[in-house]
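In: Below is the sequence, then the predicted model.
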Amino acid sequence: FISYEWVRVIAYYLLMIVSVGGYVALSVSTSYIDWTGLFSFENENAFIAELSINIVKCCFFLASPALLFGFVGHLIWSPARRVKVPSLEESVATSDLRARLFFRIVTRGKNPDLVRDNVVKATTVLRKTCLPEWQWKVEVATDNPLDLDEMNDSQVYELLTPSDYVCPKGGKYKARALHHAVMISTAREEDWVIHLDEESSFDVETVKYIYAHCAKEETSVLRGQKEWGNIGQGVIKYGCHEHPPNYLTTLADSIRVADDFGKFRVQYEVHEPLIGMHGSFVVCQTAVEAAVGFDHGISGSITEDAYFALVARAMGVKFSWIDAFLYEQSPFNIMDFIRQRSRWFGGLVLVCLSSAIPLKQRVVLCFMTLSWAVVPLVTLASVTNYLIGTSWSATTPAYTIATSVLAGISCWGYVLGFFWTFSPKQGWIRYVLLLYAQLIL
């Protein structure tokens, strides 16, 4: 007898084999343009041209560190097999968690209706749980007033950042609001903050895993096993709505879901923020936030999440995996998507170059950021590899297989993210069309 969970695990690995293996088979059987037939190798210029093409093709291997890093996580920790934690009722009855949970939404306050809707969703979910109301609050850290007191909900607090507030070390943007929120929040040192973006949503299952993490870490701290509880983070899923605002950006974000199951799962299983962390679905003790702070100048203001994570680790804080989901939306349009990625890349470069963070905490992030920087070269190599055949690549099976495996792993990441994002419950025709579009992308 095989349990349903093991059926899911077997199906997961079969899908992995089909995705990677199918891509390799397709690549190996692809017909190339015969480069050798276009030029005579008796001509010196033709030889130099072919050599240049082969060098470009080899640039494809620049993507291997990032791809293999994530694939290790996919191989070892199947997302089809969830980490078991007690039910929320059992955890509340047995853990005696003394800390409170502060679900903190951070926003510029430019979309008040969206923020209000998500505040209502958050309080509704939390009231469905067995948590007593003294043990949770919903905070909204905002740059612009939202008048949330009009909701007449004693569980909701608005943390307004004054327009004239200046961080002592020059922190800006979201880091400025986060730093100010730490100072004015009613959260005590032993309490936990769950960071959310303005479009973030969660369910009772998410709360169950968050509570289990906080209870476990509080116990370790009280027993003197560590000074601070581990920072926890899980998977962020995008476009899990019947009609996402933009299907193209949602499909592009499928790889981010795969990264959570891969790269981020690996680093959290070894309790290290090797490549930083996300800015939402961060479960962090207030004592850690007060000690680390978010005011780290301009270097810590663009990707404040990664900067905070590396500084926290340098101070001795460890990290843990929370096997639960947070739900968000992808950028509404292509330009927002491009600006988002550009901002992240620029921010990560600043983090990598910051001498305030020990080099040993930055080194893996530096390699991963470098891998991102050479994506245009990898793309050029990929196109060249599949359009132009050379005598060297045609007579070197190991090269063909190696590049095909790496390309298959990349394809697998998007397939994995797709299957954990979209559901056929909204219609099989829609589901199949979206899968086809995902494979094309």
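Out: Yep, that arrived.
In: What mean pLDDT does stretch 212-225 get?
Out: Average pLDDT, stretch 212-225: 95.
In: Can you dump the C-alpha atoms of that stretch in PDB for me?
Out: Taking Å, rounded to 0.1, in the frame of the first residue of the first chain, the C-alpha atoms of stretch 212-225 are listed here in PDB:
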ATOM      1  CA  ALA A 212       5.000  26.000  14.900                       C
ATOM      2  CA  HIS A 213       8.200  27.800  13.800                       C
ATOM      3  CA  CYS A 214       7.800  30.500  16.500                       C
ATOM      4  CA  ALA A 215       7.000  28.000  19.200                       C
ATOM      5  CA  LYS A 216      10.000  25.900  18.400                       C
ATOM      6  CA  GLU A 217      12.400  28.800  18.300                       C
ATOM      7  CA  GLU A 218      11.000  30.400  21.500                       C
ATOM      8  CA  THR A 219      11.600  27.100  23.300                       C
ATOM      9  CA  SER A 220      15.200  27.000  22.100                       C
ATOM     10  CA  VAL A 221      15.800  30.600  23.300                       C
ATOM     11  CA  LEU A 222      14.200  30.000  26.700                       C
ATOM     12  CA  ARG A 223      16.300  26.900  27.200                       C
ATOM     13  CA  GLY A 224      19.400  29.000  26.500                       C
ATOM     14  CA  GLN A 225      20.400  27.000  23.400                       C
END
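In: buried stuff in it?
Out: Within stretch 212-225, the residues scored as buried using 16 or more other Cβ atoms under 10 Å are A212, H213, C214, A215, K216, E217, E218, V221. Just so you know, the C-beta spots here come from the backbone N, C-alpha and C atoms, and that holds for glycine as well.
In: now the fifth one: how far from G408?
Out: When you say that, I think you mean K216. To G408, K216 is 38 Å away according to Cβ to Cβ, to the nearest Å.
In: before we move on, the earlier item: ok, of the buried residues of stretch 212-225, which one's closest to F69?
Out: H213 (24.1 Å; Cβ to Cβ).
In: Now for that closest one: which residues touch it?
Out: H213 sits next to N230, G232, V283, S320, I322 when contact means Cβ atoms under 8 Å, 6 or more residues apart in numbering.
In: G427: which of those residues is nearest?
Out: I322 (31.5 Å).
In: Generate the PyMOL command that creates a selection of the buried members of the contacts of H213.
Out: Buried residues among the contacts of H213 (16+ other Cβ under 10 Å), as a PyMOL selection:
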select buried, resi 230+232+283+320+322
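In: Excluding sequence neighbours, find me the nearest residue to the residue nearest the centre of the chain.
Out: Per Cα atoms, centre = their mean, the C-alpha nearest to the average position across the chain is that of D260, at 4.9 Å. In space, not counting the residues next to it along the chain, D260 is nearest to V235; the distance is 4.3 Å by Cβ to Cβ, 6 or more residues apart in numbering.
In: Okay, the one you found and F419: tell me how far apart.
Out: Distance from V235 to F419, by Cβ to Cβ: 13 Å.
In: Which one of these two is surrounded by more residues?
Out: When neighbours are counted by other Cβ atoms under 10 Å, V235 and F419 differ, and V235 comes out ahead with 24 against 19.
In: thinking the more buried one is in contact with F325, fair?
Out: Yes - V235 is within contact range of F325, at 5.1 Å (criterion: Cβ atoms under 8 Å).
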